[in-house]
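Asker: everything below, folded, please.
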Amino acid sequence: MYPFSPPSRLDRFSRVASLLCILMLVAVTVPPATAVALSVSSERSGPVLQTSDDLVSSAEVERAIETVENQSSSVGQSGGVQKIATDLLDSAQMQRQGESGEEKNTSWSIQVYITLLSGTPTSSIDSMVDEVTDRDEEDHLVVARVTGPELTSLAADPRVKGISRVSAPLVNAGRTVTAGDTLLKADQLRTQYGASGAGVKIGVISDGVKGLAEAQATGDLPADLHVISNADGGNEGTAMLEIIHDEAPQATLYFHEHGSNVVAFNHAVDELVAEGCTVICDDICWPKEPFFEQGIVATHISSVIAEKQIIYVSAASNYADQHYLGTYYNDGDNFHDFSSGTSIHKNMYVDLPSGSSVSAVLQWDDKFGSSGNDYDLYFVDARTGMILDQSTSRQDGNDDPIETIEYQNDGYSTIEGEFVIRNYRGEAQVRTLDLFIYPDDDATMYSNNVNPAGSVYGHQAIPDVVTVGAVRADGVRSISIEPFSSRGPVNLIYPSPLTIIKPDICAPDRVAVSGAGGFDTIFVGTSASAPHVAGIIAQVWGVLPNRSASEIRTALLSSAVDLGSSGRDSVYGYGLADAVQMYIAAGGGAVLVGQVPASVTPTPMATIEPSVTQSALSTDPFRRSSPFGQTGMTSFGTSTAGTPGTTPVSTASDLSVPSAPTFVRWSPWGI
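Answerer: This next block holds a predicted model:
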């Protein structure tokens, strides 16, 4: 049945041991990972996998994985091997061997995160690595390039808690137009109130400003734009800055690329703050940041917001339709049934044409550094049952609850793949499983078992970050949420249970940009939505400079045009941003164009009636069905009352995920 022997945990041990064979070889540096721009097609809506006799049964797939588990159960795992994450072992193996699997006569180096035990100075391992690129003393984290022999030595060092590969950030990019300047009334605010963003510094963090000179030559960007760092060389930052400049043409613009790791990203935030930026906007997700607690990036941005008078705006991300959230459902053989017993298609399915790739991140609701529940993630050929890739890091009480896979189809034919979750030896307790799948542009992800709820994570989940969802507003349909726009609620478990309604607000995507640097002239995705919000914040703050960051943020949210379910919800947040009503809510009055008003005492926040009729939104697919019904976690379409600037808090009992979260894929146009 299986033409190839499935890999096992035993293979992981041999991988590490074989690294010793290259101790005498000359080191050759492997280029660092670059940012991955996950594009959003203009009409993305995954197909539904139908019954097919060509696919092997789930039982056959499970037998292959059980073979892996049986091989590994009799093999002890040394502390050194256990410290190295599976994805890093796989990367090391790929660098050490050629495509044929034969030994290469070279060594290599790779960028890794090295987590040290509490109280260990990061400098204590400097001599053990090829190069230290970043460090975070507070979190005992070192980012370094290491060779094979150095990796082996680090794994054996008692001061080292864990080693994992640095994954590139995800840029929430898309491809396709709306006149957002008009829709959000930013043009009216400039015309009627002289709000041009003058006096406000805005910093953007993205993948690069390629084509900057081209955009400046056409007048789409100003000549005095400040580029602090542009090492990554992408072009999405150029497009984001163009949107802000359209709305707030006299704001001073700054740019910093996202960096190759989370520590570098935090440094980028700090440098923009040091330059005096009071509005910062990004479109970056770090896929390995914790889903059920604040990680390094979220914690840092929280502290910056608390200490500085800034407003931080971030794209909600584009992963609602490639996400799963639900309670572990045992199919009887210690495998998770994503359908909770409702379908023969029990897993998550992706088709990979030749040359295409897919990655996935699985987490569950244990605290990072303390997980003793061992779940494993597999990517399997659904036609042959062959295991294509696996993530089987051991969790035995002091580990991170995470498994990751990155796989590329190097063959000549399309692979019909499926992601499978295994409860290792059936010993893990029932946990909430959270899986994100990131297929590239050429891959096709099926909508079976997809669940958009809870698809906001990372620093976008921080209560005080303004998280922006995307609404389609190109004149083709009525204003409605993009099917890919990530949504809440966010359910943090640690240090104490907390439910946060996200996104906070929505703005349009499908906006026209210049196309400088080779970027598309039509910009789709939450990356296009976030700078719209940053722009109108600058407009209002520029003419009301005496307002605090909190007052400006509250005015933004309280004045939004309600969309979807009545009141604040986890699809649209407070609704569609409205620049004119925001200005009024902040206490602004009629002024002469170009005149900056004196300090004005803010008026009570007004309740703004929706200017978009509910009948126009009646076909919105994400409003009429909740995957969780009336039980457990707040559904993504449920209205939740709340005052802007406050965080709804729920008890631990409210955070349980129901056992059968069935999600039915709706067409984005209601047909």
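
Asker: please name the bridge partners of Gly469.
Answerer: Listed beta-bridge partners, Gly469: Cys506 (assigned using DSSP bridges).

Asker: what lies in contact with stretch 183-192?
Answerer: 180-181, 195-196, 246-249, 473, 507-508, 532, 535-536, 539-540, 576-581, 583, 590, 593 (C-beta atoms under 8 Å, 6 or more residues apart in numbering). Every residue, glycine included, has its C-beta placed from N, CA and C.

Asker: all helices of the protein, in order?
Answerer: Per DSSP state H, the chain carries helices over the ranges 9-18, 58-73, 79-83, 86-96, 148-156, 180-183, 186-193, 212-217, 236-247, 262-274, 296-307, 526-543, 549-558, 579-585.

Asker: give me the angle between the longest one and helix 236-247.
Answerer: Counting by axes from the mean of the first three to the mean of the last three C-alpha atoms, to 10 degrees, helix 526-543 lies at 40 degrees to helix 236-247.

Asker: buried residues in helix 526-543?
Answerer: 526-543 (16 or more other C-beta atoms under 10 Å).

Asker: circling back to that earlier point, what's the most buried one of the helices of the chain?
Answerer: For the helices of the chain, the largest average neighbour count (mean count of other C-beta atoms under 10 Å) is found in helix 526-543, namely a mean of 30.

Asker: what angle sits between that helix and helix 186-193?
Answerer: Put simply, helix 526-543 runs at 10 degrees to helix 186-193, going by the same axes, to 10 degrees.

Asker: kindly export helix 526-543 (C-alpha atoms) in PDB.
Answerer: Extracted C-alpha coordinates of helix 526-543, given in PDB (Å, rounded to 0.1, in the frame of the first residue of the first chain):
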ATOM      1  CA  THR A 526      -6.100  43.900   5.000                       C
ATOM      2  CA  SER A 527      -2.700  45.400   4.100                       C
ATOM      3  CA  ALA A 528      -4.700  47.900   2.000                       C
ATOM      4  CA  SER A 529      -7.200  48.500   4.700                       C
ATOM      5  CA  ALA A 530      -4.900  49.300   7.600                       C
ATOM      6  CA  PRO A 531      -3.200  52.400   6.000                       C
ATOM      7  CA  HIS A 532      -6.600  53.900   5.300                       C
ATOM      8  CA  VAL A 533      -7.200  54.000   9.000                       C
ATOM      9  CA  ALA A 534      -3.700  55.300   9.800                       C
ATOM     10  CA  GLY A 535      -4.300  58.100   7.300                       C
ATOM     11  CA  ILE A 536      -7.500  59.400   8.800                       C
ATOM     12  CA  ILE A 537      -6.000  59.200  12.300                       C
ATOM     13  CA  ALA A 538      -3.300  61.500  11.100                       C
ATOM     14  CA  GLN A 539      -5.900  63.800   9.600                       C
ATOM     15  CA  VAL A 540      -7.900  64.200  12.800                       C
ATOM     16  CA  TRP A 541      -4.900  64.300  15.100                       C
ATOM     17  CA  GLY A 542      -3.200  67.000  12.900                       C
ATOM     18  CA  VAL A 543      -6.100  69.400  13.400                       C
END
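
Asker: could you give the average pLDDT over it?
Answerer: Mean pLDDT, helix 526-543: 97.

Asker: so how far is that helix from its chain's centroid?
Answerer: Here the centre of helix 526-543 is set off from its chain's centre by 21 Å, with C-alpha atoms, centre = their mean, to the nearest Å.

Asker: before we move on, what about stretch 268-279?
Answerer: Centroid separation for stretch 268-279 versus its chain: 22 Å, with C-alpha atoms, centre = their mean.

Asker: next: stretch 146-158.
Answerer: 30 Å.

Asker: how close does Pro545 get to Val465?
Answerer: Plainly put, Pro545 is 22 Å away from Val465 if you go by C-beta to C-beta, to the nearest Å.

Asker: more neighbours: which of those two?
Answerer: Higher neighbour count among Pro545 and Val465: Val465, with 24 against 15, using other C-beta atoms under 10 Å.

Asker: ok, that one touching Val304?
Answerer: No - with contact defined as C-beta atoms under 8 Å, Val465 does not reach Val304; the gap is 10.3 Å.

Asker: between these two, what contacts are shared?
Answerer: Residues touching both Val465 and Val304 (C-beta under 8 Å, 6+ apart): Tyr312.

Asker: who touches the nearest residue to Asn409 once chain neighbours are set aside in this structure?
Answerer: Nearest residue to Asn409 in three dimensions, chain neighbours excluded: Leu352, at 4.2 Å (C-beta to C-beta, 6 or more residues apart in numbering). In this structure, Leu352 makes contact with 358, 407, 409, 414-415, 417, 439, 442-443, judged by C-beta under 8 Å, 6+ apart.

Asker: derive a PyMOL selection command for the buried subset of the residues you listed.
Answerer: Burial among these is assessed by 16+ other C-beta under 10 Å; the matching PyMOL selection reads:
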select buried, resi 358+407+409+414+415+417+439+443
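
Asker: touching, Tyr438 and Pro287? I think so.
Answerer: Yes - counting by C-beta under 8 Å, Pro287 is a contact partner of Tyr438 at 7.2 Å.
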